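>>> okay, here's the prediction I keep looking at, along with the sequence it came from:
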There are 2 protein chains.
Amino acid sequence: MDITKIIQNTALFRNVSRDIIEELKGCCQEKKLGKGSDLFSMGDPATSLFVVAKGWVKLYRVSISGHESIIHVFGPGESFAEAAVFSEEHIYPVCARAVEDSELIAIPRSFFIHKIEEDSHFALSMLGAVSARQHHLIQQLEQLTSRSAPQRVGAFLLKFCASSGEPEKGPKTVVLPYDKAIVSARLNIKPETFSRALAKLEEIGVKTDNRTVTIESCQDLADYCDFTYQDTPCRKSC
Amino acid sequence: MDITKIIQNTALFRNVSRDIIEELKGCCQEKKLGKGSDLFSMGDPATSLFVVAKGWVKLYRVSISGHESIIHVFGPGESFAEAAVFSEEHIYPVCARAVEDSELIAIPRSFFIHKIEEDSHFALSMLGAVSARQHHLIQQLEQLTSRSAPQRVGAFLLKFCASSGEPEKGPKTVVLPYDKAIVSARLNIKPETFSRALAKLEEIGVKTDNRTVTIESCQDLADYCDFTYQDTPCRKSC
DNA sequence: GGCCTGACTTGATCCAGATCAAACCGCTAT
DNA sequence: ATAGCGGTTTGATCTGGATCAAGTCAGGCC
C-alpha cells in the first residue's frame, strides 16, 4: 500500500511537510487485522498511534457491569489514539477491535515526542488535531442527550453520505460499511430499535434495502434530525 | 487575588516553569462574572482560554430544538476552552455561563501560540492537558450510556467529595456548590428525577439535607455505582 | 436440493425516566 | 406576619426505547 498517500490524507498530517512524512515512513509499521480481532485493550501502554488504511476499527469501553459503549468507529483515512499517546500516563483508555478486515499503519509514540520537541509547527498541528477530536466528542455527547433514536440514525446517514459521496443535490445512496449491529451500538441504540428507526425514516423518504440506504432528499432528512450542516464540516476526518 | 498561585495549581500549568508563569501574569486578565451572566457563546471567536479562580462556570450547547446539554461545570482551579483555542477554526464550539458569582483569569490565545513555538516542553504539556480533557469526555460518554440516573448521581457525589475532601475512610459530607437543577442538568437528568435519585440513595446510606449530603460509606456507594476509583484519579483537575 | 447459521426484522410487553401538575419550603420585601 | 417567588420535592401519568421471544431471509455447505 502507498503509505505516503494515505498518511497525507489524514487530518493529523494534512498540514505537515513532505519531509516529515518521508521521515515517518521509515519508522512506522503496517498491521493487518482480521474482522473481530483486537488491536489493544483498555489499560495497555500506549506505544503507537494508528491510521486506518483499510477497513473499520471500533474504539469502545466495557463497564464493570459488562455494558459496552462504542466511542467511535474509525475508517479509511482516519487516525485514532492520539490522546492516549500524548497524555501523561500514556495508556489507552479504551479498547480497539476491527469490525471488518482492516489494514492499519502504526506510528510509534517516540516519533511524535521527538518531532514535537524539534518542530513547533508540528506540535501545533497535533494540538489542532486533538482539539478537533475533542470537538467531535462534544457533538456526540450533545446528540446523545438531545436527539431521539431515529434522529440519531438520520444524522449518522447524513454524515456518512457527506463524507463518502458527492455534495450534489437530489437523492443519494449510502452503503453501510459494517454490520447494522455495530452502527446501532455506535449510536447507542439496540439493533431492534435501529431497525424500527430506519422503518420510521421511510416516512420522510429514506428507503433501506439490506445495507443500501437511499435518501430522497437530504434537506428533508436534515430538517427532521435537527441536523445543521454548518456546524459539522463533514470531512472524512471528523 | 494571587494569580500565580491559582495558575500553578491548574492541571494545565502544573508542569510549567516558574518563569513562564511570571511571563504569563503580564498578559492575562482578570474577569468577574455575576451568576447567570454569559462569558461567551457558541460560534464566538476563541480569543482566550480561561482559568476559574472562584465560582462555577458551565459549558453547554443548545440544539436547534432548544434542548440544553451541559458539557461540564468548571470550578476553582480548573481551566477550560483549551481545545477551542488550539483548534484551527479557533471558535468556541460551546457556550459558557457563570452558575454562581465567579472570578476568572483570561489568558490570550496569542500567549499560547508564541510559547508553543518557542518551547517544545510547553507544547507537550498542553498536549497532555488537552488529551486528559478528552479522556474525561470519553468517561462521560460511557457513564451516560451505561449507568442509571441514581448511579450517575452517586458517581458525581463520589468524584466531588474525592476532589474536595480528605481521602480518609468513614462517613463524608459534601456540600453541593451550585443549584441542584444545575447538577441534574450536568448529569443529564431532570430535577424531579434527581430528587428521586437522591431519595433512592438513602437506601445505601446517603442522606441529604438541603445542599448538604452525607455519605455513610463511600465504598458501599462506589459498589452501587460501578464506580472504579482506579480509573479516575479524581484530582480536582479531572 | 435441504438445512444450518448468522444477520436482521417484527411483535408483545415492560420499565426508567420524562412530563405535567400541585404542594412545599425558606427566603426577601413589602 | 404575610405575600410572593425561586428552588425543590412529591404524586400521577405517559412514553421511548429496552427486553424478551418469534419469525424471516440469504448465503454457505453437506
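Ah, there it is.

>>> contact partners for A:Y224?
Contact partners of A:Y224, counting by C-beta atoms under 8 Å, 6 or more residues apart in numbering or on different chains, are A:P150, A:Q151, A:G154, A:L201, A:I204. Placement of C-beta: from N, CA and C, glycine included.

>>> chain B: which of those residues is nearest?
Relative to chain B, the closest of these is A:Q151; by C-beta to the nearest C-beta it sits at 9.3 Å.

>>> what's the neighbour count on the residue nearest to the closest one when sequence neighbours are not counted?
Among residues not flanking A:Q151 along the chain, A:C225 sits closest, at 4.5 Å (C-beta to C-beta, 6 or more residues apart in numbering or on different chains). Counted with other C-beta atoms under 10 Å in any protein chain shown, residues neighbouring A:C225 total 23.

>>> now the closest residue to A:P177 other than its chain neighbours: phi and psi?
By the measure of C-beta to C-beta, 6+ apart, the closest residue to A:P177 outside its immediate chain neighbours is A:W56, 5.9 Å from it. With angles defined as degrees, to the nearest 10, A:W56 sits at phi -140, psi 140.

>>> how near is A:W56 to chain B?
Using C-beta to the nearest C-beta, to the nearest Å, A:W56 is found at 19 Å from chain B.

>>> check contacts around that residue.
A:W56 touches A:V73, A:F74, A:G75, A:A98, A:V99, A:E100, A:S102, A:P177, A:Y178, A:I182, counting by C-beta under 8 Å, 6+ apart.

>>> try 6 Å
A:V73, A:G75, A:V99, A:E100, A:P177, A:Y178 (C-beta atoms under 6 Å, 6 or more residues apart in numbering or on different chains).

>>> top of those residues by neighbour count?
A:V99 (25 neighbours).

>>> that one against A:K180, yeah?
No - using C-beta atoms under 6 Å, A:V99 is not in contact with A:K180, being 11.5 Å away.

>>> Three-state assignment for A:S65, please.
coil (DSSP: H, G, I helix; E, B strand; the rest coil).

>>> that one contacts B:F227, doesn't it?
No - with contacts counted by C-beta under 6 Å, A:S65 stays clear of B:F227, the gap being 11.3 Å.

>>> residues from chain A in reach of DNA strand C?
Residues of chain A found near DNA strand C (C-beta under 7 Å from any atom of the strand) are A:D179, A:K180, A:A181, A:P191, A:E192, A:F194, A:S195, A:R196, A:L198, A:A199, A:T208, A:R211.

>>> DNA strand D: which of the residues you listed is nearest?
Ranked by distance to DNA strand D (C-beta to the nearest atom of the strand), these are led by A:E192 at 4.0 Å.

>>> what's near enough to touch the spatially most central residue of chain A?
By C-alpha atoms, centre = their mean, the mean C-alpha position of chain A lies nearest to A:F74, the distance being 3.3 Å. Neighbouring residues of A:F74 by C-beta under 6 Å, 6+ apart: A:V52, A:V57, A:F80.

>>> narrow these to those in helices?
Counting by DSSP state H, none of the members of those fall within helices.

>>> which residue ranges of chain A form helices?
Ranges of helices in chain A, per DSSP H, are A:3-8, A:18-27, A:82-86, A:109-118, A:120-146, A:149-164, A:180-186, A:191-201, A:218-225.

>>> of all these, which lies closest to B:T4?
Closest to B:T4 of the helices of chain A is helix A:120-146 (C-beta to C-beta; 24.7 Å).

>>> flag the shaky bits of chain A, pLDDT-wise.
Chain A contains residues with pLDDT under 70 at A:1, A:165-168, A:229-238.

>>> just to revisit the earlier point, okay, A:S65 and B:F227: which has more neighbours?
Higher neighbour count among A:S65 and B:F227: B:F227, with 25 against 9, using other C-beta under 10 Å.

>>> redo the contacts of A:W56 as TSV? Include distance to DNA strand D.
Formatted as TSV, the contacts of A:W56 follow (distance: C-beta to the nearest atom of the strand, whole Å):
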residue	distance to DNA strand D
A:V73	17
A:G75	23
A:V99	18
A:E100	15
A:P177	17
A:Y178	16
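
>>> no further queries at this time; thank you.
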